[in-house]
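1. The following block contains a protein sequence and its predicted model.
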Amino acid sequence: MQLKESEFLFGTFHGRHDGAQATVTAVRDDTRSESYFWVCTCGASRSFHTENGVFATAWRHTHPTRVDRLRQWATRRLQFRAHTAR
Ligand SMILES: [Zn+2]
């Protein structure tokens, strides 16, 4: 990803989810209200007030557990149902 002048890259995570390669970039930007955030190549992102939790959630995002996979599957299924119900 392209960093802005105020952004400082402090971590990169490589992993897989949904059967595809995923890379999470952890960034610090003091101009934001939540200075710490990470962005995944799939478009997902999370932001934090402190550094706490950034690495844990970024790691977990690129290395989903069986429970996470099940939850993702269940979410997709619900979205599919909601879509076709219309
Ligand atoms: Zn992702």
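-> The structure has been received and is ready for your questions.
2. which parts of this structure sit against the ion?
-> Neighbours of the ion within the chain, by CB under 5 Å from the ion: 22, 40, 42, 44. All C-beta atoms are positioned from the backbone trio N, CA, C, and that covers glycine.
3. can you confirm the third one is in a helix?
-> No: in this structure, residue 42 is coil, not part of a helix, as judged by DSSP: H, G, I helix; E, B strand; the rest coil.
4. For the chain, name the helix or strand with the lowest mean pLDDT.
-> helix 66-84 (a mean of 80; mean pLDDT, DSSP states H and E).
5. As CSV, the residues of the chain next to the ion with pLDDT and neighbour count would be great.
-> Compiled in CSV, the residues of the chain next to the ion are given as follows (pLDDT from 0 to 100; neighbours: other CB atoms under 10 Å):
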residue, pLDDT, neighbour count
22, 95, 18
40, 96, 19
42, 94, 15
44, 95, 13
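6. which among those residues gets closest to residue 65?
-> For the residues of the chain next to the ion, the minimum distance to residue 65 (CB to CB) is 14.7 Å, reached by residue 22.
7. contacting residues around that closest one?
-> Applying CB atoms under 8 Å, 6 or more residues apart in numbering to residue 22 gives the contacts 14-16, 40-42, 61-62.
8. SS state for it?
-> Assigned by three-state DSSP, the conformation of residue 22 is strand.
9. now the nearest residue to it once chain neighbours are set aside: how far from residue 21?
-> Leaving out its chain neighbours, the residue that sits closest to residue 22 by CB to CB, 6 or more residues apart in numbering is residue 62, at 5.0 Å. Going from residue 62 to residue 21 by CB to CB, to the nearest Å gives 9 Å.
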